[in-house]
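Engineer: got a sequence here, can you build the structure:
(6 chains)
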There are 6 protein chains.
Amino acid sequence: MHLPFEYDHAAIGEFGGTTPTTSDFDRARVVILPVPLDRTTSYVPGTRTGPHEILVASSHMELWDEETQTDVHRIGIFTMPEMEFPFATMGEVMAEIRRVAAELVNRGKFLIALGGEHSITPPIVEAVAAKHPGLSVLQIDAHADLRDSFMGTPLNHACAMRRVLEHAPCTQVGIRSLSTEEAAAVPTLTTTIFYDWNMRRDADWIARVVDTLSETVYITIDCDAFDPAIMPAVGTPEPGGLSWYEAIALLRRVIESRRLVGCDLVELCPMPGNVSPNFLCAKLIYKILSYRFGAESHGG
Amino acid sequence: MHLPFEYDHAAIGEFGGTTPTTSDFDRARVVILPVPLDRTTSYVPGTRTGPHEILVASSHMELWDEETQTDVHRIGIFTMPEMEFPFATMGEVMAEIRRVAAELVNRGKFLIALGGEHSITPPIVEAVAAKHPGLSVLQIDAHADLRDSFMGTPLNHACAMRRVLEHAPCTQVGIRSLSTEEAAAVPTLTTTIFYDWNMRRDADWIARVVDTLSETVYITIDCDAFDPAIMPAVGTPEPGGLSWYEAIALLRRVIESRRLVGCDLVELCPMPGNVSPNFLCAKLIYKILSYRFGAESHGG
Amino acid sequence: MHLPFEYDHAAIGEFGGTTPTTSDFDRARVVILPVPLDRTTSYVPGTRTGPHEILVASSHMELWDEETQTDVHRIGIFTMPEMEFPFATMGEVMAEIRRVAAELVNRGKFLIALGGEHSITPPIVEAVAAKHPGLSVLQIDAHADLRDSFMGTPLNHACAMRRVLEHAPCTQVGIRSLSTEEAAAVPTLTTTIFYDWNMRRDADWIARVVDTLSETVYITIDCDAFDPAIMPAVGTPEPGGLSWYEAIALLRRVIESRRLVGCDLVELCPMPGNVSPNFLCAKLIYKILSYRFGAESHGG
Amino acid sequence: MHLPFEYDHAAIGEFGGTTPTTSDFDRARVVILPVPLDRTTSYVPGTRTGPHEILVASSHMELWDEETQTDVHRIGIFTMPEMEFPFATMGEVMAEIRRVAAELVNRGKFLIALGGEHSITPPIVEAVAAKHPGLSVLQIDAHADLRDSFMGTPLNHACAMRRVLEHAPCTQVGIRSLSTEEAAAVPTLTTTIFYDWNMRRDADWIARVVDTLSETVYITIDCDAFDPAIMPAVGTPEPGGLSWYEAIALLRRVIESRRLVGCDLVELCPMPGNVSPNFLCAKLIYKILSYRFGAESHGG
Amino acid sequence: MHLPFEYDHAAIGEFGGTTPTTSDFDRARVVILPVPLDRTTSYVPGTRTGPHEILVASSHMELWDEETQTDVHRIGIFTMPEMEFPFATMGEVMAEIRRVAAELVNRGKFLIALGGEHSITPPIVEAVAAKHPGLSVLQIDAHADLRDSFMGTPLNHACAMRRVLEHAPCTQVGIRSLSTEEAAAVPTLTTTIFYDWNMRRDADWIARVVDTLSETVYITIDCDAFDPAIMPAVGTPEPGGLSWYEAIALLRRVIESRRLVGCDLVELCPMPGNVSPNFLCAKLIYKILSYRFGAESHGG
Amino acid sequence: MHLPFEYDHAAIGEFGGTTPTTSDFDRARVVILPVPLDRTTSYVPGTRTGPHEILVASSHMELWDEETQTDVHRIGIFTMPEMEFPFATMGEVMAEIRRVAAELVNRGKFLIALGGEHSITPPIVEAVAAKHPGLSVLQIDAHADLRDSFMGTPLNHACAMRRVLEHAPCTQVGIRSLSTEEAAAVPTLTTTIFYDWNMRRDADWIARVVDTLSETVYITIDCDAFDPAIMPAVGTPEPGGLSWYEAIALLRRVIESRRLVGCDLVELCPMPGNVSPNFLCAKLIYKILSYRFGAESHGG
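Structural biologist: Okay, the predicted model is just below:
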């Protein structure tokens, strides 16, 4: 935006809350794409306000990461405006998300999508997989999301991973809720499930997760993967789940040993009066970026 | 439900919280149909919990109405279980609501539907109009809901009254929000609009509203018709709107001078920690019943 | 309920949200009894809405348990309507709870009571102990509840376990709050206390807890036993406490090595805007049932 | 409290938040007595925190009343510490409230009691009536509270006015909820009811209310008398009810034409995150004092 | 912002939620300036989030105004980014607000400032008065804000109107709270106060208010002027106050009979879980614009 | 306070909620000083209500500590009234806090200050260090607070520890957020930082922390040091952080091996509807007292 005179002002809508010139689209290494898909239509909180609240929270983060000793925002993080969906059908919505994701991926950007519902993941994976043959997908989630259809449609968020499997094999981590029908289908699918309950008794689960992944990886994180203690702001808060340090240890290990080519964070449903889930999401994104690009930021 | 032994227990899910024998379906004069249609799919409040919260609130009402000096619950009020919608498309959902409404209307019941979104109204009006030729519809609402389509579909709640007009002429009361496109379309439609702003300057607006109605009337009430002071629990709380006493004065006048054959109350979006909107809805339903059937309850 | 025509509808008030024919009382192996005792008298949340919110949450659970690889709801779970208490004195209330519990236990049902205040436990234990001589009670709780009387009455919830001790010896787990007077009385009572603070330093505390129990066991769980991180919805949220995995590990071990003949879950005080505590309670009940009856469900 | 050195500090627990020397008990004209009776026993909001929140709010009021052009706090307002109830039975609780009220009334103080439940009113009225023969009581309330007993006891808050009638005749204003049984009993009782619904159509209702009162008057105000728009913080928020200006007009007229000898304000149930109901209560008390004693404050 | 490819996206941060080309700064007739001054420094709601929540709400408004029959957004409404205040002292903050306001006013823009605290008003009035000699100020507020200093500083929000009086005479409307000291000072100041309590008894108060104003007028609105029923989201919610229709009637009359040259809306303190106060603010701004510029929008 | 007659009453504002005669100032070993410094000026929650909510919570604690087997309140805990700050500048505020702290320390009291913002710590440390040469400070916090100035002032809470370093060397524990500038300054400062992320991988971090401390220690605890799971009620809830048992293990070890001469607990920002953070703070203070003085309480 060009203003007719200068003054100190906020950078609402920019991840990290900064407006460095390096954030210009062309120079940016990373692009944040808010995809607030939520099939309610009124002005009431739900997953629709998730991306916005993550961006607000991100402006309250410090930009130094003490773990990696880097300030990764220097590599350029460009935040796209929120997608809107004045479309007729979910099929058209999915096609548009796929198109936009492809536009970004094909321009060489590292894409981080912020949901919205989990149903945004399949079209993004399809776009990323088209660019990166041999892709595998790591899902961090409480729910398997492996129904073949739900409420009469294959595009429901409860079917998200079933649709993803049409484009890439998956590894599912933190799972602690699935239906009897999904449990019956699992053996026939190209997925490996790490049940949360088993992870508690396996000191080495992170290494085992990494072993299942191919060289090129996409990560999709459903907020309900986390322990509801730190992430109550979800639609179905399943007891158990990952702690903050488990999650970032897993992410660091995957990023150090594989090539991460994109990710999404979905299903945050902001709670009135409690900003801590929003803030966790903002820091999680920044941790991923610090692990993935921190080393590149030193000359920034 | 047949229990193997007796004890004092609650009647959760029954309007008024009582379980008199006269509430058996066949003997009931009135049937409450909860239609919690809400196109979100997670366990988070929205209009989906509206019918349930109205029923909970109704169990805390006194059953005597001091205005009409009657205890109308004696005529028999039967509460149906909440409809569920495991369907593929909104078209199928609409057809099922129409079928269930017809089943009730054709059995001679006075139907009160509890939403859920305003999109439930057109199929109910269609069923009622089929039974009662010459029907007119009184809508009490902040929004005109006269778009021809919205987000690519004619079945959106923003189009509810445009769809209703296909089955019956309308009178719209309390309107204080419409789009430029709707404003342009109004002159071509079989609707009479009483703008909230004009009602404030017209001591006789109630009589004028009644004059527009045919002999047989259906009423649809969107909670956002009320002043947000008493009804903040809606998706878009437009300032202005009806007070409690204005609303019940209008309802009483309409019911005394026309034949009311059904109604619905929609778009309650319960707020955590504030039960007063829920309670208002329960009493509003009971007021309508007291005006409509109170005189029949004395021999009950 | 017999409806005059069929449609898809919800099963509000049924644990698990399903209405299989096997849920008929006679065929049900398990009976859920909601006992919303709460000595407030207005329409304001407290422990009174606890049972209801647990049942609502239970309808959002998946019915497959991935840990035991079973779908235990097939054994038949019948949910009684909520008890109501139009009685004069707490003594009469206690007598009625005891009578209803005995009606169920004597019909061979596995009883799960949902509170309500902790004062509902003594009459239930009395009924269960009458049927099962040699019973011991495992209490999972933050508070010892061992006062001899409180606010002038021996029937207060702060005295619940002192009353239980009149019917069966106890083991108390997770304790981290008691008064100076209770601490002085402990050595004279037939109870074994596992203090939360000690449990943190004893890798083998679960085995030690099991050793204190007789062959036949009743379990009473006060929600405040859990870490307030996952269970803030209690009257006095004491820091420390059990995690989800500690709790279910304890429950599994007890159920596998002893004969569990009944249980209760009390003192949930639902919080506006945060469903995660309610959901935890629903899953906890289902875990107990999966451990206790999962193996019997396969032929279901 | 005597402090060993001086510093600016808050006067928590003092109505108006000030600590003038004229507030010493002996010199005070008015005494505020907090009576947080609430029969729950855990640390969860209810009417128990009502008196405290009113006192907190009162410290944010300006002490000038622009209507009467007075600063009434100069006459001396002494705030007693909150009563506590470590008693066995409600009968004993009632006796203690009566004793404490008598102690104050007999010392010539103008008593303002802050509830707590409405059941605190009968013993206070008994103490005041003993001192002031010929007393009449003005109740401002949504509910008639005329049951003879409720939940097996005559001391329930739903019976408060039935008990008050044993000591003084009543006038009940703002009533818009009563049971069929209460409606049947009204003609036999020494009470005059002004139904809220009638008040809306009677421009002269205030004068009519005053006419029913004897020379010496006690006022009891249940917060639910007010429109839930301005007072949602109650147990059962009945639609309709008094506005702020209606209430203070009534109070001013009564105080100017009769001799007010005491009052209470009960049933505030503070809502998390909304201080406006608490603040209304504080200002209402201050308005009553300004009308009653403002003229005496000028030489203060 | 220039994006490398097109897609439907939101216009977060734009009043009205639209991004018409006419909103370019140069062509815009109106400029919205968010001034979220709030002297807390952590990430917790207060008045700081007020401007942002008003902008979010504004994107849910319909852009047609049914009262004036206009769509005023066509005249061009440009929303500046939020001011930030990395300054040493309140004096420097005030100077910067004055400078930015002057930059806008001197470019011929109609300025609408969104607070933040009321202390932002004096520097804006100073800038506007410098451009428009003979300016008078209309304040709509519950509090007189006439202290000469507060907490040791003349720049506190409790002193805002005392500072404004240094630049222009004032008319204060809706006042219902002032200190004894302020009451004593009023006769010496160039202000006319319309007390809320008097306005209730004066059918003609709006005309009388207009009479006090000079030809050129600036309006400052403190949200607490409104009845807390519709505006609980303020720091000190004083009972009484303006209704929605009173406020817009006053604004319309002033705008039709005087020349409005700027305004501000301050002290919104958004409440978690209740969007209605935010929405009221957005519509209030749009009403002011419709009255002021609606007639100019027809050729837009 | 001397009352003219006796009755059971609450001790609002006293830590522990008791009013033993040993709490008289002169005989008290410990003094609680509430310092609700919060630079907002309206009646809206923030850190200002922190001390009050901790005191309310403390009245719901049991006074027996099962870990140390002591009832430490017998040593005498005197609670000062809340400080108020009608001062001109932050410099004056700081001087007054220092003076009051010195008054207490010089009378031989063990001071526990309750914030309020973290900016209250430097003047308290200055007063304590003047009395106890060789003092070192242990800070438990998520943020380093090592900026040299912020928002133009060196007295901001973001600079608190930089100011403390002017009086005593520090050890900082739980740190997981600092700016790039702070990170650069750390090597030049007399502070030792234990990063939260490192603490997770170092079983022996408590011993290492103790080793850095001199013989005489002051502890300052910022609530955001804790995991947001148990402490969401802070301004910036950083993921990660200390659990309850880690914190009390650290405190016990420090107190047993060093001489603790004072402490503060700051930055609690109470959340509407969730008392668990407040209760944690109350118990944390009581734990510190039990470790420090429990052994002295036996003869009490």
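Engineer: buried residues, the helix or strand harbouring residue A:253. List them.
Structural biologist: Residue A:253 is part of helix A:244-257, with elements assigned from DSSP states H and E. Going by neighbour count (16 or more other Cβ atoms under 10 Å in any protein chain shown), the buried part of helix A:244-257 is A:244, A:246-248, A:250-252, A:254-255. No exception for glycine: its C-beta is placed from N, CA and C like everyone else's.
Engineer: just stretch A:160-175 next, same as before
Structural biologist: Going by 16+ other Cβ under 10 Å, stretch A:160-175 has these buried residues: A:160-165, A:167-175.
Engineer: what residues does the stretch 201-300 of chain A have near chain B?
Structural biologist: By Cβ under 8 Å from any Cβ of the partner chain, the residues of the stretch 201-300 of chain A that approach chain B are A:234-236, A:267, A:269, A:272.
Engineer: what about dumping the CA coordinates of stretch A:56-66 to CSV?
Structural biologist: Output of stretch A:56-66 as CSV, limited to C-alpha atoms (Å, rounded to 0.1, in the frame of the first residue of the first chain):
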residue,chain,number,x,y,z
VAL,A,56,-2.7,-11.5,15.0
ALA,A,57,-0.9,-13.8,17.4
SER,A,58,2.2,-13.9,15.2
SER,A,59,2.6,-10.1,15.6
HIS,A,60,3.2,-10.7,19.3
MET,A,61,6.0,-13.2,18.8
GLU,A,62,9.6,-12.4,19.2
LEU,A,63,11.4,-13.1,15.9
TRP,A,64,14.5,-14.7,17.4
ASP,A,65,14.4,-18.5,17.8
GLU,A,66,16.6,-19.4,20.8
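Engineer: separation between residue A:79 and chain E?
Structural biologist: As judged by Cβ to the nearest Cβ, to the nearest Å, residue A:79 and chain E stand 10 Å apart.
Engineer: beta partners of that residue?
Structural biologist: As for beta bridges, residue A:79 partners with residue A:32 under DSSP bridges.
Engineer: who's in contact with it?
Structural biologist: A:13-15, A:23, A:31-32, A:34, A:55 (Cβ atoms under 8 Å, 6 or more residues apart in numbering or on different chains).
Engineer: so how far is chain F from residue A:205?
Structural biologist: 17 Å.
Engineer: any idea how many residues pack against the spatially closest residue to residue A:179 that is not a sequence neighbour?
Structural biologist: Leaving out its chain neighbours, the residue that sits closest to residue A:179 by Cβ to Cβ, 6 or more residues apart in numbering or on different chains is residue C:62, at 4.9 Å. Residue C:62 has 22 neighbours, counted by other Cβ atoms under 10 Å in any protein chain shown.
Engineer: for residue C:62, give me its contacts.
Structural biologist: Contacts of residue C:62 (Cβ under 8 Å, 6+ apart): A:177-180.
Engineer: just the residues you listed: which are in helices?
Structural biologist: Among those, the members falling in helices (DSSP state H) are residue A:180.
Engineer: pick out the most distant pair among the contacts of residue C:62.
Structural biologist: Distances among these were taken as Cβ to Cβ; the most separated pair is A:177 and A:180, at 11.6 Å.
Engineer: among these two, which residue is more densely surrounded?
Structural biologist: Higher neighbour count among residue A:177 and residue A:180: residue A:177, with 23 against 15, using other Cβ under 10 Å.
Engineer: quick one: pLDDT of that one?
Structural biologist: You'll see residue A:177 listed with a pLDDT of 96.
Engineer: repeat for residue A:267
Structural biologist: Listed pLDDT for residue A:267 reads 94.
Engineer: that one contacts residue A:115, correct?
Structural biologist: Yes: Residue A:267 lies in contact with residue A:115 (Cβ atoms under 8 Å); the separation is 6.0 Å.
Engineer: phi, psi for the residue of the stretch 201-300 of chain A found nearest chain D please.
Structural biologist: Residue nearest to chain D within the stretch 201-300 of chain A (Cβ to the nearest Cβ): residue A:273, separated by 6.5 Å. When read as degrees, to the nearest 10, the backbone of residue A:273 gives phi 80, psi 0.
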